[in-house]
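In: predicted structure and sequence below. I'll ask about it afterward.
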Amino acid sequence: MPALLAWSLAWLCFEVLKTLGLPEWVAMVAATFLGGALTTLVHTRMRRALVVLGFPLSMLASSSSFAMPSIGWLLLLGLIVLIYPRKAWRDAPLFPTPKKALQELPEHIALGGGARILDAGSGLGDGLIALRAAYPRADLNGLEMSWPLRIVSALRCSFARIRQGDIWLADWRSYDMVYMFQRPESMPRAVEKAEAELRRGAWLVSLEFEARELVPNAVVHGKDGRPVWMYQLPFKRVAERAL
Ligand SMILES: C[S@@+](CC[C@H](N)C(=O)[O-])C[C@H]1O[C@@H](n2cnc3c(N)ncnc32)[C@H](O)[C@@H]1O
């Protein structure tokens, strides 16, 4: 909703400035700046980028120099839905875990050889690659909603077992660690599921997004500044910390 609001306001600003007689390029720059100012409506870097790029990209797509037949738009939409299926819209689309983001995990979480790790929403396999660098002897598993991503990630990560499926319907009980890189909104559901299914001593690890209701056992910041949040079962609630 904040993105739609920002894009609409940028377009409104563009049209108003043009109506007032300003040259098109001035109206365009001003509207893009407005989009930039409205990035304060959202809180993650990726969302800020979407907010600021929405107006110039939609302008490019609607310009006459970018003529695409309507079947082209339909095919593009089909491709997007195939890569990012409707069922996954409540969670994150495809953003990969940076290569070295998880290299400090073993300093905080010791896992024996053969420990079972699940990358919940494994995308193109970058999370699994980073997990393998951190835990080379672990039994690595991926679960991904999108068929095309599942196929490509299986080709990239022959060392892991990757299945197509829904992370919320899967059984997490056999895992020693569930790793996620989803959305802030996914975290309460992940906490609830981990608490219901993971055994005592197992871990829920989240790149970038905090489980706000929990006290983390540890948090590290990767080279790109993204935090990695670590929570061990049984979870400690924020309210308990306050007592
Ligand atoms: C931000 S990407 C992270 C990819 C990978 N874990 C990594 O860190 O490189 C999130 C992935 O989760 C997948 N996803 C979102 N919701 C899902 C769900 N309910 N079940 C399975 N996969 C899901 C998306 O398709 C996307 O590939």
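Out: Structure received. Numbers count the residues shown, from 1 in each chain.
In: what parts of this structure come near the ligand?
Out: Selection of the chain residues close to the ligand by C-beta under 6 Å from any ligand atom yields 84, 88, 91-97, 119, 121-123, 126-127, 143-146, 149, 166-168, 181-182. Quick note: C-beta positions are derived from backbone N, CA and C, even for glycine.
In: how close does the residue nearest to Asp166 when sequence neighbours are not counted get to Ser153?
Out: Closest residue to Asp166 apart from its sequence neighbours, by C-beta to C-beta, 6 or more residues apart in numbering: Met145 at 6.0 Å. Distance from Met145 to Ser153, counting by C-beta to C-beta, to the nearest Å: 12 Å.
In: and what of Tyr179?
Out: Applying C-beta to C-beta, the value for Tyr179 to Ser153 is 14 Å.
In: neighbour-wise, which of the two wins?
Out: Tyr179 (27 against 23; other C-beta atoms under 10 Å).
In: tell me the secondary structure at Ala110.
Out: Of the three states, Ala110 takes coil under DSSP: H, G, I helix; E, B strand; the rest coil.
In: count of residues packed around it?
Out: Neighbour tally, Ala110, other C-beta under 10 Å: 9.
In: how about Val191?
Out: For Val191, the neighbour count with other C-beta under 10 Å is 19.
In: excluding chain neighbours, what is closest to it?
Out: Nearest residue to Val191, sequence neighbours excluded (C-beta to C-beta, 6+ apart): Ala211, at 4.9 Å.
In: now the one you found: how far from Tyr231?
Out: Separation of Ala211 from Tyr231 (C-beta to C-beta) stands at 6 Å.
In: could you do Arg237 as well?
Out: Arg237 sits 11 Å away from Tyr231, taking C-beta to C-beta as the criterion.
In: of the two, which one has the most company?
Out: Just comparing Arg237 and Tyr231: by other C-beta under 10 Å the higher neighbour count belongs to Tyr231, 27 against 14.
In: give me the three-state assignment for that one.
Out: strand.
In: just checking, Lys223 touches Lys99?
Out: No: Lys223 lies out of contact with Lys99 (C-beta atoms under 8 Å); the separation is 9.6 Å.
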